[in-house]
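1. model the following, please.
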Amino acid sequence: MHKLIIAVALALGVAPMAAAEEWGIALPTSLPGGKARIEAPLWAVFTDVIAPGDRYRVVNGTRPGRIALIDLPEDQKMTRKTRRAQAFRAENGRIYEHLKAMEDGPAPLDLAGLLRREAANRSADRADLALLILGDPTQLMPDAPSFSMRDESGVLRIPSDRHLSVGLQISPWGLGLEGSAGLAGIDVHICPVGQSARLSPAEDAALRRFWALYLAARSGQLASWEGDLETCFERFAARRTGPVVEVAANPHDRDLVMRRVGHQTIETVTGVSASGKTVIDGVEVEDFSLFADRSHPTLPGVDVVTGVRYAPEEYPKRYQLAWCYFSVRRNGTEVKFDLGTKRQGKAVDPLSSTVQARRAAGIDLSDVEAGARACQWPNS
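-> You can find the predicted model right below:
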């Protein structure tokens, strides 16, 4: 891996007078295999990747805080490895002390806390930051277990998109003082290790999508998601700017829930108010609705939306009403097609469209029928 990073540095043409750049690496307090896997590439970043004028930070990703800060002077002498090693002996000593204390074990991260800290300490005039994060991004919330990415049995759960649009006082996944521009100019390279390296492809994709959305909501970017450490370090050294996946929040995902990947049943984050009423998203409710989207089979860019309304005390065994629809926008006008409704234990009650509505939307009857087949009705 050391040779690969050197090769990347040479390909980049690292030179003393190159434009100043900012680099950061977050390390967990433990790692499968201990420090053996990362000691050499970490040293290679210091000796072969950062250039005179650059700023390089190493931070604790498990308990967010600084381990070492290196501001490399814009001095021709700093291109010599021995000179820079001598000048920053104390800082490298602190990095090595962290590595020496690193146990062979899981690689827990407080990833949300780490990113909030980065946003809070970032000034508007700072250079773009390449941030490499090593560890397990399936984050636990010891103080708020209902929001943990693993339930009591260890099963993975992903926060719904709704978490990203609420305040931090409602969800620990929500937006805090960092604001929607807090991570602007930061390219994040995540190297999932530990238990997250053993996820199924569907679970890995769902977890990657969430963190990409989390970063995008704060104007940051997920530039790498790579479990192979050699490749992850290589992408970081090359300052790849991605994004590694194109994402957009689902506007119909309106409920504050933690979802098991590949499961229809979800756990809704609820509570009970002093008056005994059910509380969802901080509001007393008489009922709530869940929504699911599916791409329309024949109309590009159109989603078929299925909604299901529940009484909280009957969720998830019994629902009150399900409905399905899709909308088509033509010439600035939105035409909605209601496809049907369904009640518990009853057959679907289909709804028909008019010729005038189809003509206004520029579609035909076969498009409506295809949309109806894409509805995701409850099984009962």
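2. what about I70, which SS state?
-> The three-state assignment at I70 reads strand, by DSSP: H, G, I helix; E, B strand; the rest coil.
3. any idea which element the closest residue to it other than its chain neighbours lies in?
-> Nearest-residue entry for I70: Y56, 4.4 Å, with adjacent residues in sequence omitted and distances by Cβ to Cβ, 6 or more residues apart in numbering. Using the backbone N, CA and C atoms, a C-beta is placed for each residue, glycine as well. Using DSSP states H and E, Y56 sits in strand 55-60.
4. cool, and I95?
-> Using DSSP H and E, I95 falls in helix 89-101.
5. what helices and strands are in contact with that helix?
-> Under the contact definition 3 or more Cβ pairs under 8 Å, 6 or more residues apart in numbering; DSSP states H and E, helix 89-101 sits against helix 39-44, strand 55-60, strand 65-71.
6. try 6 Å this time
-> On a contact count with 3 or more Cβ pairs under 6 Å, 6 or more residues apart in numbering; DSSP states H and E, helix 89-101 meets strand 65-71.
7. can you give me the buried ones in the strand it packs on?
-> Buried residues in strand 65-71, defined by neighbour count with 16 or more other Cβ atoms under 10 Å: I67, A68, I70.
8. residues contacting the second one?
-> Under the criterion of Cβ atoms under 6 Å, 6 or more residues apart in numbering, the neighbours of A68 are V58, E91, R94, I95.
9. and if you look at the last one?
-> Going by Cβ under 6 Å, 6+ apart, I70 touches Y56, F88, E91.
10. same deal with the first one?
-> By Cβ under 6 Å, 6+ apart, I67 lies in contact with V58, V59, N60, R94, I95, H98.
11. so the nearest residue to the fourth one once chain neighbours are set aside bridges to which residues?
-> In other words, R94. Ranked by Cβ to Cβ, 6+ apart and with sequence neighbours excluded, the top spatial neighbour of R94 is A68, at 4.5 Å. Following DSSP bridges, A68 is listed with bridge partners V58.
12. give me the local confidence score for A68.
-> pLDDT for A68: 97.
13. returning to what we had before: from the contacts of I67, which would you call buried?
-> Looks like these have V58, V59, N60, I95, H98 buried, using 16+ other Cβ under 10 Å.
14. what distance do you get for the closest residue to the third one other than its chain neighbours to A292?
-> I take that to be N60. Nearest residue to N60 in three dimensions, chain neighbours excluded: I67, at 5.8 Å (Cβ to Cβ, 6+ apart). To A292, I67 is 44 Å away according to Cβ to Cβ, to the nearest Å.
15. cool, and V348?
-> In terms of Cβ to Cβ, V348 sits 15 Å off from A292.
16. now the helices for the stretch 201-350 of the chain?
-> 201-216, 229-237 (DSSP state H, counting those that start in this stretch).
17. so what's G61 up against?
-> Neighbours of G61 in contact, by Cβ under 6 Å, 6+ apart: A26, L27, P28, L109, L114, I133, G135.
18. pLDDT score for the residue lying closest to it once chain neighbours are set aside?
-> Distances taken as Cβ to Cβ, 6+ apart put A26 closest to G61, at 3.5 Å, once the chain neighbours are dropped. Listed pLDDT for A26 reads 98.
19. buried sites along the helix or strand where A26 lies?
-> According to DSSP H and E, A26 maps onto strand 22-27. Across strand 22-27, burial judged by 16+ other Cβ under 10 Å covers E22, W23, G24, I25, A26, L27.
20. got the angle between that strand and strand 55-60?
-> Per axes from the mean of the first three to the mean of the last three Cα atoms, to 10 degrees, the angle that strand 22-27 makes with strand 55-60 is 20 degrees.
21. quick check: which element contains I170?
-> Going by DSSP H and E, I170 is not part of any helix or strand.
22. what's the neighbour count on it?
-> Using other Cβ atoms under 10 Å, I170 has 17 other residues around it.
23. ok, now the one 3 residues further on?
-> For W173, the tally of surrounding residues (other Cβ under 10 Å) stands at 24.
24. can you classify the residue lying closest to it once chain neighbours are set aside as helix, strand or coil?
-> In this structure, W173 finds its nearest non-sequential neighbour in H163, 3.9 Å apart by Cβ to Cβ, 6+ apart. Classification of H163 using three-state DSSP returns helix.
25. please renumber the chain so that the first residue is 16 from this point on.
-> Sure thing, new numbering starts at 16, so read that last one as H178.
26. any idea how far N265 is from H178?
-> 12 Å.
27. these two: which has the busier surroundings?
-> H178 (26 against 16).
28. pretty sure that one sits against I185.
-> No: H178 is not in contact with I185 according to Cβ atoms under 6 Å; the separation is 8.4 Å.
29. before we move on, back to that, tell me the one of the contacts of G76 nearest T313?
-> Distance to T313 across the contacts of G76 (Cβ to Cβ) is lowest for I148, with 41.7 Å.
30. and that closest one, that one's in a strand?
-> Yes: checked against three-state DSSP, I148 lies within a strand.
31. pretty sure it sits against P207.
-> No: counting by Cβ under 6 Å, P207 is not a contact partner of I148; they are 9.2 Å apart.
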